[in-house]
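Enquirer: task: produce atomic coordinates for the following.
(chains A, B, C and D)
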2 protein chains.
Amino acid sequence: MARAATTSDAFNAVAEPRRREILNYLALQERPVGEIVDSLGVAQPSVSKHLRVLLEVGLVNVRRDGRRMLYRTNAEAIRPLHQWTETFERYWRHQLSRVKERAERKSNPSNDAGPGFSSRRKNDLDGNKN
Amino acid sequence: MARAATTSDAFNAVAEPRRREILNYLALQERPVGEIVDSLGVAQPSVSKHLRVLLEVGLVNVRRDGRRMLYRTNAEAIRPLHQWTETFERYWRHQLSRVKERAERKSNPSNDAGPGFSSRRKNDLDGNKN
DNA sequence: TTGACACATTCCCATATAGGAATGTATTGT
DNA sequence: ACAATACATTCCTATATGGGAATGTGTCAA
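Expert: Predicted structure coming up:
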């Protein structure tokens, strides 16, 4: 199988940075496609395609105004993401206190060996990623 | 260009449902890979690959315990998602009040024409998808 | 050292992109 | 009817992906 479609849900849809920009831009008020093109500096067909994806997952609404199409972010559709991330809020609160503890212990040089967690990032894992 | 790599950031990494499940599962405490395999009912190589992605973007930490690898969610790395979605919180609050208004106006049959938004979803746009 | 256990990695492949270019479609003004 | 405007869609292609299967690697026990 391949990756899930960008239109499969809000999570996949907002994975694309450009689409997030568009959602930000359309949050305050509805805008015609042309303004999005100008403001974000993206090609018109590209914007239309992104809007199509956002529309399919319900992240934006449309309305026709003459020959223009007015798009607008449907914030409601972003709630599921917010709620999912929210379930982790209590955990990073805990981890923050732990970090604080460690920092305090560090300024207080005592026994501090132990393996500990390796929170390695990208470059630690793969040196050559073209 | 193709889609951005799943390892490019947390947004892309959590787009995959299985990876979200794994993060949920590893939020409370660290777990060896085998338990993830049993609990989620996913093949072991598949789990390892998902963990690799999560590790690359910093969404999990690892620690070795004998021949087992103990993984754990790094909630801190989910914060950026939370913060992004949070910027829309005030908007869906507004939209909710608007929905309420409309509902109240509906029970009070008066002038209620106007074009209005079309919030069409998937099936309205594309009847035949594969 | 050898076997077993716990994971990680590689190979293979069907699939869905995102962007660029070109073209299609709907609406307005004259 | 026709040109112009504003978008949408299609065609093309390089690319990354997730799953299955097979294999590689590291660690422990005897």
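
Enquirer: residues from chain A in reach of DNA strand C?
Expert: With CB under 7 Å from any atom of the strand as the criterion, chain A meets DNA strand C at residues A:1-3, A:5-7, A:12, A:15-16, A:18, A:42-43, A:45-46, A:49-50, A:53, A:64, A:66-67. Using the backbone N, CA and C atoms, a C-beta is placed for each residue, glycine as well.

Enquirer: now with 10 Å?
Expert: Taking CB under 10 Å from any atom of the strand as the criterion, chain A approaches DNA strand C at residues A:1-8, A:12-13, A:15-19, A:42-50, A:52-53, A:56, A:64-69, A:125-126.

Enquirer: tell me which of the residues you listed fall in helices.
Expert: Applying DSSP state H to those, the entries found in helices are A:12-13, A:17-19, A:44-50, A:52-53, A:56, A:125.

Enquirer: near DNA strand D, which residues of chain A?
Expert: A:1-4, A:12, A:15, A:31-38, A:43-53, A:55-56, A:62, A:64-71, A:129-130.

Enquirer: now, of those residues, which are buried?
Expert: A:12, A:15, A:31, A:33, A:35-37, A:47, A:50-51, A:53, A:55-56, A:62, A:69-71 (16 or more other CB atoms under 10 Å in any protein chain shown).

Enquirer: just flag the most distant two among the ones in helices among the residues of chain A next to DNA strand C.
Expert: A:Q44 and A:L125 (38.8 Å; CB to CB).

Enquirer: tell me how many other residues surround A:N61.
Expert: 21 (other CB atoms under 10 Å in any protein chain shown).

Enquirer: and it, how far from DNA strand C?
Expert: 17 Å (CB to the nearest atom of the strand, to the nearest Å).

Enquirer: shaky segments in chain A?
Expert: Within chain A, the segments meeting pLDDT under 70 span A:96-130.

Enquirer: strands of that one, start to end?
Expert: A:31-32, A:60-65, A:68-73 (DSSP state E).

Enquirer: can you list the strands that the first one pairs with?
Expert: Read it as strand A:31-32. Strand A:31-32 sits in its sheet next to strand A:68-73 (antiparallel), going by DSSP bridges.

Enquirer: the inter-axis angle of the partner strand versus strand A:60-65?
Expert: 160 degrees (axes from the mean of the first three to the mean of the last three CA atoms, to 10 degrees).

Enquirer: contacts for strand A:68-73?
Expert: Here strand A:68-73 makes contact (CB atoms under 8 Å, 6 or more residues apart in numbering or on different chains) with A:23-24, A:26-27, A:29-34, A:36, A:51, A:54-55, A:59-64, B:88, B:91, B:117.

Enquirer: ok, the residue nearest to A:H94 when sequence neighbours are not counted to B:T85 distance?
Expert: Nearest non-adjacent residue to A:H94, counting by CB to CB, 6 or more residues apart in numbering or on different chains: B:A75, 7.9 Å away. Note on B:A75: its distance to B:T85, by CB to CB, to the nearest Å, is 15 Å.

Enquirer: picking up where we left off before, of the ones in helices among the residues of chain A next to DNA strand C, closest to A:P80?
Expert: Nearest to A:P80 among those, counting by CB to CB, is A:A13 at 11.2 Å.
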